[in-house]
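K.L.:
predicted model, plus sequence, below.
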Amino acid sequence: MMKKSDVRIVFMGTPEFAVATLRALVEHEYNVVAVVTQPDKPVGRHGSVLRPSAVKEYALTCGLPVLQPVKMKDPEFVEQLRSYRADLQVVVAFRMLPEVVWDMPRYGTFNVHAALLPQYRGAAPIQWAVINGEKQTGVTTFFLDRDIDTGRIIKQRPFDIPDDADAEYVYNGLMHLGAQVCLETLDELITCEGNVKSIAQEEMIPADATLHQAPKLFKETCQIDWQQGSKAIYDFVRGLSPAPGAWTNLLAPNGTQTVLKIYKTFKTHEESLFTETESVGSLCAERGRLLVKTTDGMLEIVELQLSGKKRMSGRDFLNGFRDIEEYRLQRDENRNEG
């Protein structure tokens, strides 16, 4: 029977989310022979400083070889990768892999995805699950194939989303659950010598199911639509909190607009304090609370950040404003929608 040490693993990932899984592999003494991550990113005013990815930083502390290809199909990189003779590749929060890469190891390549596939295929599964008000999401390990997030499913574990949880809460939970499910998947693969049971995603879709997608988030995607109801806006804000952050425009009485990020709202369930004639997005202050009118009531804005200022509570924000009733929140209709 194969042992852990017999299986040569190449790990691929970039952000902090992926570090938890790599750390679990190292600490549980799996045979990680190399790590593939993104090239260092230029940061600072003139891009003069190069910042390594979180995965690279951790890999170097463990003395693991790090590969940073600009292009995954680059023949030089492909040859270098082949030289590590991986039996298996593990991918967490990385980019699309060409077939020449994912098909290289004898046991294939599996991905740890932060959703219960086939739901939420795409780059931002955590945010979209919260935005859509899901009560549950989870982690899936699946074999990579030619399309994005469509391969055969090996293992799944659910994760509950409390009604007041934001994307950060779910991110942290799934980061640790993902590491755990990855280890379970590896153990099964090693026990079965690669012949692990897996299920085609088509077989897991009920006939009446709606499949939600999780496309990449752009600035335009994160703009609040005040024509939605209170619950939808509440879920939208927490789904984008703390990053990239839901935003809107604060329209001053003189017509100037300032970008306002909203990180936390609260469903008041009270009778609205606004009149019928006031437009959606109107603001008022009540006992230190900042309230905004919605199509079906109002929401309290609990945490926010005005462009150029620091993040603060609604109460602190009100302290700096006279006549908040003269201001309102509105969509930026001039921008192209993403």
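P.N.:
Nice, I can see it.
K.L.:
pull out the buried positions in the strand or helix carrying Phe236.
P.N.:
Element membership for Phe236 (DSSP states H and E) is helix 230-239. The neighbour-count check on helix 230-239 (16 or more other Cβ atoms under 10 Å) flags 230, 232-239 as buried. (Glycine included, C-beta is placed from N, CA and C.)
K.L.:
and the helices in the chain, which stretches?
P.N.:
16-27, 54-61, 75-82, 99-102, 125-131, 167-191, 230-239, 314-319 (DSSP state H).
K.L.:
the fourth one - contacts with which helices or strands?
P.N.:
In this case it means helix 99-102. helix 75-82 (3 or more Cβ pairs under 8 Å, 6 or more residues apart in numbering; DSSP states H and E).
K.L.:
next, the buried residues of stretch 141-161.
P.N.:
141-145, 149-156, 159, 161.
K.L.:
over to stretch 20-31?
P.N.:
Buried, per 16+ other Cβ under 10 Å, within stretch 20-31: 20-22, 24-26, 30.
K.L.:
can those go into TSV with extra columns for pLDDT?
P.N.:
Converted to TSV, the buried residues of stretch 20-31 look like this (pLDDT from 0 to 100):
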residue	pLDDT
Ala20	98
Thr21	98
Leu22	98
Ala24	98
Leu25	98
Val26	98
Tyr30	97
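K.L.:
ok, the residues you listed vs Pro42, which is closest?
P.N.:
Using Cβ to Cβ, Leu22 comes nearest to Pro42 of these, at 24.0 Å.
K.L.:
OK, contacts around Thr37?
P.N.:
Residues near Thr37 by Cβ atoms under 8 Å, 6 or more residues apart in numbering: 12-14, 52-53, 55-56, 59, 66-68, 94.
K.L.:
make it 10 Å
P.N.:
Thr37 sits next to 11-15, 18, 22, 52-59, 66-69, 94 when contact means Cβ atoms under 10 Å, 6 or more residues apart in numbering.
K.L.:
also Pro15?
P.N.:
37-38, 53-55, 92-94, 171, 175.
K.L.:
tell me which of these is nearest to Thr137?
P.N.:
Tyr171 (10.7 Å).
K.L.:
quick one: the residue of the chain most remote from its centre from Lys293, how far?
P.N.:
Centroid-distance maximum for the chain: Thr277 at 38.9 Å, with Cα atoms, centre = their mean. Distance from Thr277 to Lys293, counting by Cβ to Cβ, to the nearest Å: 11 Å.
K.L.:
so where's this structure uncertain?
P.N.:
333-338 (pLDDT under 70).
K.L.:
tally of neighbours for Gln68?
P.N.:
If you count neighbours by other Cβ atoms under 10 Å, Gln68 ends up with 15.
K.L.:
domain parsing for this protein?
P.N.:
Taking automatic domain parsing as the domain assignment, the ranges for the chain are 4-204, 220-330.
K.L.:
distance to His212 added to those domains, as JSON lines?
P.N.:
Listed next are the domains of the chain as JSON lines, based on distance: least, Cβ to Cβ, whole Å:
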{"stretch": "domain 4-204", "distance to His212": "5"}
{"stretch": "domain 220-330", "distance to His212": "12"}
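K.L.:
quick one, which of these is nearest to Gln213?
P.N.:
Short answer: domain 4-204, nearest of the domains of the chain by Cβ to Cβ, at 5.3 Å.
K.L.:
distance from the closest one to the middle of the chain?
P.N.:
Offset of domain 4-204 from its chain centre (Cα atoms, centre = their mean, to the nearest Å): 13 Å.
K.L.:
sorry, back to before: in JSON lines, list the contacts of Pro15 along with distance to Glu271.
P.N.:
Formatted as JSON lines, the contacts of Pro15 follow (distance: Cβ to Cβ, whole Å):
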{"residue": "Thr37", "distance to Glu271": "53"}
{"residue": "Gln38", "distance to Glu271": "51"}
{"residue": "Ser53", "distance to Glu271": "50"}
{"residue": "Ala54", "distance to Glu271": "47"}
{"residue": "Val55", "distance to Glu271": "51"}
{"residue": "Val92", "distance to Glu271": "48"}
{"residue": "Ala93", "distance to Glu271": "45"}
{"residue": "Phe94", "distance to Glu271": "50"}
{"residue": "Tyr171", "distance to Glu271": "36"}
{"residue": "Met175", "distance to Glu271": "41"}
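K.L.:
these two touch, right, Leu189 and Tyr107?
P.N.:
Yes - Leu189 lies in contact with Tyr107 (Cβ atoms under 10 Å); the separation is 6.1 Å.
K.L.:
shared neighbours of these two, anything?
P.N.:
The contact lists of Leu189 and Tyr107 share 7, 87-88, 195-196, where a contact means Cβ under 10 Å, 6+ apart.
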